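Participant: Predicted structure and sequence below. I'll ask about it afterward.
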Amino acid sequence: MQKPLIAWPRRHPIWSVVIVVVVLLLAMAAWLGLSTWKMVQGLQKVSDVASTASSQLSGSHLDSLATTVGAAQQVASEAVEASDSLGVRLASELPFIGDDISTLRAVSAVADDLLASAKPLVATLPKLAADGGGFDLTELATLPTSLKTLQDAVARSSEKLAGQDTSDLLAPLADKVVPLAAGLTQANASLSNIKPFVAALPIILGSNGDRTWLIINQNLGEARVTGGLVSAYVIVTVHDGTLTMQEQGTNDDLIAGAAVPTDSVPRDLYEYWGEEYFNDWASLNLAANFPDTGKLMTAAWNARGGTQVDGTITLGQGIVQYLAAATGPVTVGDRTIQPQDLAEYLTIGVYKDYKKAAQKDLAVALIISQVFSNFADDGISVGSLISAGLGTETADYVQMWSTHSSEQKQIVAVGVSGSFPSTAGPTASVRFINGAGNKLDSFQDTTVDYTLGACTTDPDTPTSRPGTLTVDVSNEAPTSGLPAYMTGRSDLSDGTKYTLGSTRKLVVIYTPLDVINVNTVTVDGEETGASYGYENGRQFLILDLDFEPGQTRNIVVSWDEPAQDDDGKALSAHPSIILPPLINAATVTTHTEGVCTPTE
């Protein structure tokens with residue numbers, strides 16, 4: 001059976017959280033007393049109203065949303081008041097039923113907190129119902145604060161439920177509370193994902209003046225260091241919150257243009273790869289630090305003459321679907337694609353419909369163009385945009401670079417720059433380059449762990465600590481059912497036999513800045529060699545690996561890294577991992593053994 005690429009939940013998780021928390025066993029009320037009955041009944045009303053609010057948000061009925069949420073929050077507050085009654089508090093201490101009552105009280109507080117914290121957001125959304133006439137950029141700039149208020153409430157609610165012992169709850173209650181906790185975790189992650197893009201919207205739409213942007217679609221099914229193969233592009237201009245489409249084209253159109261100027265490529269990276277890669281739009285996005293790639297793409301476009309752009313924005317299938325949720329369905333040929341199906345269509349469906357590369361490239365370009373044309377002509381619903389972001393599981397994200405230095409600082413500040421830290425510290429990155437010329441990176445699963453070991457300070461030697469990065473990469477591509485366009489192996493000589501679904505990947509691992517030395521590199525438990533290079537002084541190593549269908553390759557890289565800066569100040573003891581935009585979200589964990597301690 002073909003593995004699903006991306007899970008696209010149909011229900012908005014914030015409202016699902018509110019709904020789940022309130023469907024709680026009316027039958028219990030008879031023996032938990034009048035106050036508990038009032039609490040459960042109040043929460044049931046909240047559930048009904050929350051369902052309405054969810055539909056209003058996704059359906060852009062924003063004028064009614066604030067009234068609906070306000071009414072729901074009032075009822076939730078009454079449920080909290082009931083949960084704080086003497087009878088309920090005493091019941092929460094009783095044997096057998098005490099845990100259930102305590103959990104009911106926590107759930108009441110969660111519903112009240114979530115709805116109260118959502119009110120600033122829903123009050124702003126009606127003011128942002130752009131209809132092609134542009135956005136009020138001042139109002140748009142308030143959205144990040146409203147989203148943070150909501151996310152803080154989600155985090156508090158998640159922590160509150162995490163403190164509840166669900167092991168002995170009555171089964172019907174546990175069946176509701178356990179998914180609730182998971183929903184809060186998902187909602188928190190989704191809010192973290194969409195906040196940078198929402199914060200960047202005013203910049204994209206001209207808060208710093210009129211702009212012309214080159215927007216590049218990256219095909220995440222064929223991995224490159226910054227995400228994926230350059231697939232299509234659009235040129236848009238923005239003025240005071242209004243976007244206008246100017247031009248669209250395919251990667252072939254880009255390749256047919258002027259030679260790519262390579263002056264902006266970091267010299268150490270240029271020396272590693274050579275001029276031929278950076279001269280080709282199909283492979284020029286090899287700098288993991290996106291400002292270098294964005295600068296190169298912008299220079300490459302402007303070298304063509306004609307319309308000059310102020311910067312570059314890149315996005316993949318996941319973000320295209322996210323935007324389409326707010327702009328509507330798209331049509332290519334005789335097929336109309338609904339927003340919730342768009343990422344999977346761009347990942348698999350388009351290759352089934354179009355067997356020839358030129359036709360497929362044109363179809364992708366038309367889809368991307370339609371999404372932004374709909375944005376320009378009809379405006380977007382920010383409510384639908386947020387609803388889609390909260391209900392979408394994707395590891396794709398926007399990256400952006402501007403020629404204007406002050407604007408670039410804003411891009412860095414809101415979190416869409418795709419930049420690496422420029423100072424030493426425990427930051428590592430894992431990147432991928434498709435080496436087979438196929439589209440099977442859509443079926444990649446990734447697990448990454450970065451463990452920062454203990455260290456001691458010694459006045460006679462540099463203070464360092466060990467770091468270990470463990471990466472598991474799985475190829476879950478099926479052995480049948482995919483079009484030949486997706487499964488080819490252009491890396492093999494003509495006539496070479498291979499297993500359908502097999503692939504080849506270059507796994508690129510960036511060590512922390514100023515790493516002292518790389519100690520060991522193993523693949524599947526065997527020590528192996530690697531190719532080494534540098535990007536802006538940061539060392540990377542490349543492993544060239546083959547993958548059979550269903551195969552997982554285990555990579556472990558260990559190194560020694562600085563524990564203090566040049567002034568003797570301790571560096572962070574909290575490791576971080578930067579990943580590129582991906583189709584499937586990676587599982588990421590970090591561990592640390594604490595700060596450094598001096599030797600005797």
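Facilitator: Here it is on my side, so go on.
Participant: what does stretch 270-288 contact?
Facilitator: 218, 224-227, 229-230, 251, 254-255, 259-260, 262, 265-266, 269, 293, 296-297, 300, 314, 420, 429, 431, 433, 508, 510, 533-535, 540, 578, 580 (C-beta atoms under 8 Å, 6 or more residues apart in numbering). C-betas here are computed from N, CA, C, even on glycine.
Participant: And the helices in the stretch 201-350 of the chain?
Facilitator: 251-255, 267-273, 275-278, 290-302, 317-327, 342-344, 350-353 (DSSP state H, counting those that start in this stretch).
Participant: most packed of these?
Facilitator: Among those, ranked by average contacts under mean count of other C-beta atoms under 10 Å, first place goes to helix 317-327 (a mean of 25).
Participant: gap between that one and the chain center?
Facilitator: Its chain's C-alpha centre and that of helix 317-327 lie 13 Å apart, by C-alpha atoms, centre = their mean, to the nearest Å.
Participant: avg pLDDT for it?
Facilitator: The average pLDDT within helix 317-327 is 89.
Participant: Name the residues that touch it?
Facilitator: Helix 317-327 is contacted from outside by 6, 8, 194, 197, 217, 219-221, 315, 330, 339-340, 342-343, 346-347, 367-368, 371-372, 374-375, 378, 380-382, 384-385, 387-389, 392, 394-398, 581, 583, using C-beta under 8 Å, 6+ apart.
Participant: Among those, which ones are in strands?
Facilitator: Assigned to strands by DSSP state E, the following of the contacts of helix 317-327 qualify: Asn217, Asn219, Leu220, Gly221, Leu315, Val330.
Participant: For Ser502, state which of those is nearest.
Facilitator: Relative to Ser502, the closest of the ones in strands among the contacts of helix 317-327 is Gly221; by C-beta to C-beta it sits at 15.5 Å.
Participant: Could you tell me how many residues sit around the closest one?
Facilitator: 25 (other C-beta atoms under 10 Å).
Participant: what's the answer for Ile509, then?
Facilitator: Neighbour count for Ile509, taken as other C-beta under 10 Å: 22.
Participant: Identify the residues contacting Asp152.
Facilitator: Ser117.
Participant: can you rerun that using 10 Å?
Facilitator: Residues near Asp152 by C-beta atoms under 10 Å, 6 or more residues apart in numbering: Asp113, Ser117, Asn188, Leu191.
Participant: mind listing what's buried in whichever strand or helix holds it?
Facilitator: Applying DSSP states H and E as the criterion places Asp152 in helix 143-162. For helix 143-162, burial by neighbour count (16 or more other C-beta atoms under 10 Å) applies to 143-144, 146-151, 153-158, 160-161.
Participant: Can you tell me the centre-most residue of the protein?
Facilitator: Nearest residue to the geometric centre of the chain (C-alpha atoms, centre = their mean): Ala395, 3.8 Å.
Participant: got a list of what that one touches?
Facilitator: Counting by C-beta under 10 Å, 6+ apart, Ala395 touches 6, 193, 220, 227, 316, 318, 446, 579-586.
Participant: Out of these, the closest to Leu440 would be?
Facilitator: Closest to Leu440, out of all of the contacts of Ala395 and judged by C-beta to C-beta, is Ile583, at 10.5 Å.
Participant: now, the most widely separated pair of the contacts of Asp152?
Facilitator: Maximum distance among the contacts of Asp152 (C-beta to C-beta): 14.6 Å, for Asp113 and Leu191.
Participant: More neighbours: which of the two?
Facilitator: The residue with more neighbours, out of Asp113 and Leu191, is Leu191; 22 against 19, by other C-beta under 10 Å.
Participant: Can you pull the phi and psi angles for that one?
Facilitator: As for Leu191, its main-chain torsions (degrees, to the nearest 10) stand at phi -60, psi -40.
Participant: hmm, back to that, who wins for proximity to Arg211 among the helices of the stretch 201-350 of the chain?
Facilitator: With C-beta to C-beta, the closest approach to Arg211 among the helices of the stretch 201-350 of the chain belongs to helix 290-302: 11.9 Å.
Participant: Show me what the closest one is packed up against.
Facilitator: Applying 3 or more C-beta pairs under 10 Å, 6 or more residues apart in numbering; DSSP states H and E, we find helix 290-302 packed against strand 211-224, strand 227-239, helix 251-255, strand 311-315, strand 399-402, helix 405-414.
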